[in-house]
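[1] Need coordinates for the following:
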Amino acid sequence: MRERIAVRPGGSLGIAVGERATPSVMTWTGRYLRQAMFIDGGAALLAGLLALRSRLDSRGHVPPAYVVLTIMLPIAWIACVALARGYEGRLIGAGADEFRRIINAGIALTAAVAIVSYATSAQLARGYVVIAMPCVVALDLVARYWLRKRLHKVRAQGGCMRRAVAVGHPKDVESLINELRREPYHGLSVVAVCLAGNGESDTNLQGVPVHGGLEDVMPAVRQSDADTVAVLACSEMNGVELRKLAWELEKTDTDLCLAPALLDVAGPRTSIRSAAGLPLLYMDHPDLTGARQAVKSLFDRLAAASALLLLAPLFIAVAIAVKLGDSGPILFRQVRVGLNGRPFHVCKFRTMVADAEKQRALLEARNEGNGLLFKIKGDPRITKVGFLLRRFSLDELPQLINVLLGQMSLVGPRPALPEEAAKYGEYMRRRLAVRPGITGLWQVSGRSDLPWEEAVRLDLRYVENWSFALDLQILWKTWSAVTHGHGAY
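    Below is the predicted model:
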């Protein structure tokens with residue numbers, strides 16, 4: 001039996017914080033899926049009760065047939081989610097597949113109700129269906145998201161993790177270890193390493209024990225009590241060797257996953273197709289032009305215009321506070337580099353003294369920024385009002401004007417200074433392929449607390465994997481980043 005440390009924040013997964021327990025992956029996965037099934041049924045019942053109110057007569061009664069239908073709705077909904085493969089363990093904790101399958105289940109159930117009603121000539125009230133079906137999908141999506149966030153809290157403390165043996169070249173394995181430690185919500189923890197071309201001098205990598213070379217994978221799985229083997233791209237692990245490894249892992253019911261040599265490219269852009277019996281991984285080009293970008297631009301401008309109207313009183317209040325602070329200008333305008341390297345003037349509420357740029361040369365020795373960024377915690381140039389504006393990111397609000405003018409987007413890479421962009425190599429210039437954003441992956445992941453290399457990597461990840469759904473996800477997370485103020489200084 002595998003030994004684990006499982007964590008229960010407020011009793012979420014049934015094991016107290018720091019308590020020794022021995023749940024296998026199947027145990028906590030099964031518990032999670034049972035909880036998902038329970039909340040699916042609860043969401044369907046609540047949606048049915050909301051729809052049932054539409055059938056109330058003047059005396060507060062409802063036809064018995066609709067009461068039965070409401071009682072049966074949770075069973076039908078759970079069955080549809082199961083048919084849509086919404087209870088697969090691999091969906092747990094990360095990715096959009098779980099939510100996509102809930103939506104597919106909703107579409108399937110609505111279609112099934114319509115077909116059955118037509119085939120049986122049943123007089124099912126359209127008002128009931130119009131209320132029940134959208135409500136069950138919306139409520140279940142919210143409930144599933146809440147359940148996932150509880151799991152993320154558990155994983156942040158080391159619980160409910162899959163134990164993996166990483167196989168590949170040292171640099172690739174090291175990158176994998178660092179990435180999984182940086183984002184534990186993925187639920188994969190590297191507990192052992194097998195290196196291609198390993199020398200006997202290698203005993204550990206990033207604190208993870210090295211169990212030898214490629215021929216030592218199975219002993220490493222047994223010794224480390226792993227349930228997953230992650231194979232990174234390496235020429236030594238050819239098709240024949242990989243097939244042999246898969247056969248051996250099959251005997252112990254250990255999962256095998258392959259990590260292609262594609263940095264931060266995943267999801268809809270990748271697909272596996274067979275050619276001459278060979279599984280080939282295809283990578284589509286990112287959507288950086290065309291109709292989808294036009295929709296993004298339209299959404300940005302409409303949202304910016306609406307926000308400017310709604311936040312007009314806040315703009316006036318902040319402007320008065322800045323002006324009364326030291327009688328300097330209200331707005332701070334600075335040249336930044338935008339789409340395809342075109343310069344533009346970014347607008348912000350002024351948070352520093354009027355001659356801040358002149359004082360910068362005197363503070364170069366105190367620079368705490370990463371890479372090309374100039375940042376100082378407790379910067380003496382920041383005014384009292386400016387400190388509060390930065391704490392809650394209110395100084396960024398005038399950038400809505402830049403969005404309205406088409407110079408920026410609501411979501412995108414951080415707008416770079418000309419001196420920063422001038423030092424970009426070809427690799428880093430890729431972040432200029434899209435409009436810079438008021439918020440982005442860099443903001444919801446820590447902002448100024450991030451190492452320079454990590455900030456660049458996040459910008460490139462956004463460019464390579466852009467989608468409208470990703471923009472909405474980042475906008476949702478921005479609220480939490482702003483209220484907590486992590487990395488805002």
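
[2] what number of residues lie near Cys135?
    Neighbour count of Cys135, defined by other Cβ atoms under 10 Å: 19. For every residue, glycine as well, the C-beta is placed using N, CA and C.

[3] which one is it nearest to, not counting chain neighbours?
    Nearest residue to Cys135, sequence neighbours excluded (Cβ to Cβ, 6 or more residues apart in numbering): Ala47, at 3.7 Å.

[4] buried sites along the helix or strand harbouring the one you found?
    Ala47 belongs to helix 25-52 when assigned by DSSP states H and E. The neighbour-count check on helix 25-52 (16 or more other Cβ atoms under 10 Å) flags 25, 27-29, 32-33, 35-37, 39-41, 43-48, 50-52 as buried.

[5] Off-centre distance for it?
    How far helix 25-52 lies from its chain's middle: 23 Å, per Cα atoms, centre = their mean, to the nearest Å.

[6] who does that helix touch, helix- and strand-wise?
    Where contact means 3 or more Cβ pairs under 8 Å, 6 or more residues apart in numbering; DSSP states H and E, helix 25-52 is packed against helix 64-83, helix 126-156.

[7] Tabulate these in TSV, adding columns for mean pLDDT.
    Shown next, in TSV, are the helices and strands packed on helix 25-52 (pLDDT from 0 to 100):
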stretch	mean pLDDT
helix 64-83	90
helix 126-156	90
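
[8] So which of these is nearest Pro219?
    helix 126-156 (27.6 Å; Cβ to Cβ).

[9] and the closest one, what other elements does it pack with?
    By 3+ Cβ pairs under 8 Å, 6+ apart, helix 126-156 packs against helix 25-52, helix 64-83, helix 97-120.

[10] got the angle for the second one vs helix 97-120?
    Helix 64-83 runs at 140 degrees relative to helix 97-120, counting by axes from the mean of the first three to the mean of the last three Cα atoms, to 10 degrees.

[11] Could you list every helix and strand in contact with helix 64-83?
    By 3+ Cβ pairs under 8 Å, 6+ apart, helix 64-83 packs against helix 25-52, helix 97-120, helix 126-156.

[12] coming back round to it: show me the one of the helices and strands packed on helix 25-52 that comes nearest Phe299.
    Phe299 lies closest to helix 126-156 among the helices and strands packed on helix 25-52, at 20.5 Å (Cβ to Cβ).

[13] buried residues in the closest one?
    Going by 16+ other Cβ under 10 Å, helix 126-156 has these buried residues: 128-129, 131-133, 135-137, 139-141, 143-144, 147-148, 150-155.

[14] One more: stretch 453-473?
    454-467, 470-471.

[15] can you give me the strands for this structure?
    Counting by DSSP state E, the chain has strands at residues 4-5, 20-21, 162-168, 188-195, 204-205, 208-209, 228-232, 255-259, 270-275, 278-283, 331-337, 343-349, 409-411, 437-439.

[16] Can you pull out the low-pLDDT segments for this structure?
    Scanning the chain for pLDDT under 70 picks out 1-24, 56-60, 198-202, 261-268, 276-277, 361-376, 378, 446-450, 483-489.

[17] Which segments of it make up each domain?
    According to automatic domain parsing, the chain comprises the domains 22-156, 162-261, 291-484.

[18] For Arg273, which of these is the nearest?
    Using Cβ to Cβ, the nearest of the domains of the chain to Arg273 is domain 162-261, at 13.9 Å.

[19] Quick one: distance of the closest one to the chain centre.
    With Cα atoms, centre = their mean, you get 25 Å for domain 162-261.

[20] likewise stretch 440-447?
    Worked out by Cα atoms, centre = their mean, stretch 440-447 lies 11 Å from the chain centre.

[21] Also stretch 336-352?
    Its chain's average C-alpha position is 27 Å from that of stretch 336-352, according to Cα atoms, centre = their mean.

[22] buried stuff in it?
    Buried, per 16+ other Cβ under 10 Å, within stretch 336-352: 336-339, 344, 346-352.

[23] What lies in contact with stretch 427-440?
    Here stretch 427-440 makes contact (Cβ atoms under 8 Å, 6 or more residues apart in numbering) with 288, 336-341, 396, 399-400, 403, 406-416, 421, 424, 456, 458-460, 462-463, 466, 474-475, 478, 481.

[24] Out of those residues, list just those in helices.
    Among these, DSSP state H puts 399-400, 403, 421, 456, 458-460, 462-463, 474-475, 478, 481 in helices.

[25] tell me which of those residues is nearest to Glu179?
    For the ones in helices among the contacts of stretch 427-440, the closest approach to Glu179 (Cβ to Cβ) belongs to Leu458, at 11.7 Å.

[26] Ignoring the adjacent residues along the chain, who's closest to the closest one?
    What sits nearest to Leu458 in space, not counting adjacent residues and going by Cβ to Cβ, 6+ apart, is Leu441, at 4.1 Å.

[27] Check the burial of that neighbour by counting its neighbours.
    Leu441: 26 neighbours (other Cβ under 10 Å).

[28] what does Ala122 give?
    10.

[29] ok, how many other residues are close to the nearest residue to it once chain neighbours are set aside?
    Among residues not flanking Ala122 along the chain, Val116 sits closest, at 7.1 Å (Cβ to Cβ, 6+ apart). The number of residues packed near Val116 is 11, by other Cβ under 10 Å.

[30] before we move on, back to that, among the ones in helices among the contacts of stretch 427-440, which one sits closest to Ser306?
    Taking Cβ to Cβ as the measure, Ser306 lies nearest Leu400 of the ones in helices among the contacts of stretch 427-440, at 9.6 Å.

[31] Quick check: closest non-adjacent residue to the closest one.
    Counting by Cβ to Cβ, 6+ apart, Leu400 lies nearest to Ala304, which is 4.5 Å off, once chain neighbours are set aside.

[32] OK, contacts around Leu288?
    Neighbouring residues of Leu288 by Cβ under 8 Å, 6+ apart: 433-434, 463, 466.

[33] Please report the distance of it from Glu426.
    Per Cβ to Cβ, to the nearest Å, Leu288 is found 16 Å from Glu426.

[34] hang on, Thr254 packs against Ala230?
    No. Using Cβ atoms under 8 Å, Thr254 is not in contact with Ala230, being 11.1 Å away.

[35] Common neighbours of these two, please.
    Contact criterion Cβ under 8 Å, 6+ apart; no residue bridges Thr254 and Ala230 by contacting each.

[36] where's the residue nearest to Ala421 when sequence neighbours are not counted relative to Ala319, distance?
    Of all residues beyond its chain neighbours, the one nearest Ala421 is Val337 (4.2 Å), with distances taken as Cβ to Cβ, 6+ apart. Plainly put, Val337 is 27 Å away from Ala319 if you go by Cβ to Cβ.

[37] likewise Tyr87?
    Distance from Tyr87 to Ala319, by Cβ to Cβ: 53 Å.

[38] Neighbour count: those two, which is higher?
    When Tyr87 and Ala319 are compared for neighbours, Tyr87 comes out ahead with 18 against 15, by other Cβ under 10 Å.

[39] how about that one, what does it touch?
    Under the criterion of Cβ under 8 Å, 6+ apart, the neighbours of Tyr87 are 33, 36-37, 81.

[40] Just send those residues back as a markdown table, with distance to Trp247 too.
    Below are the contacts of Tyr87 laid out as a markdown table (distance: Cβ to Cβ, whole Å):
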| residue | distance to Trp247 |
| --- | --- |
| Leu33 | 28 |
| Ala36 | 32 |
| Met37 | 34 |
| Val81 | 34 |
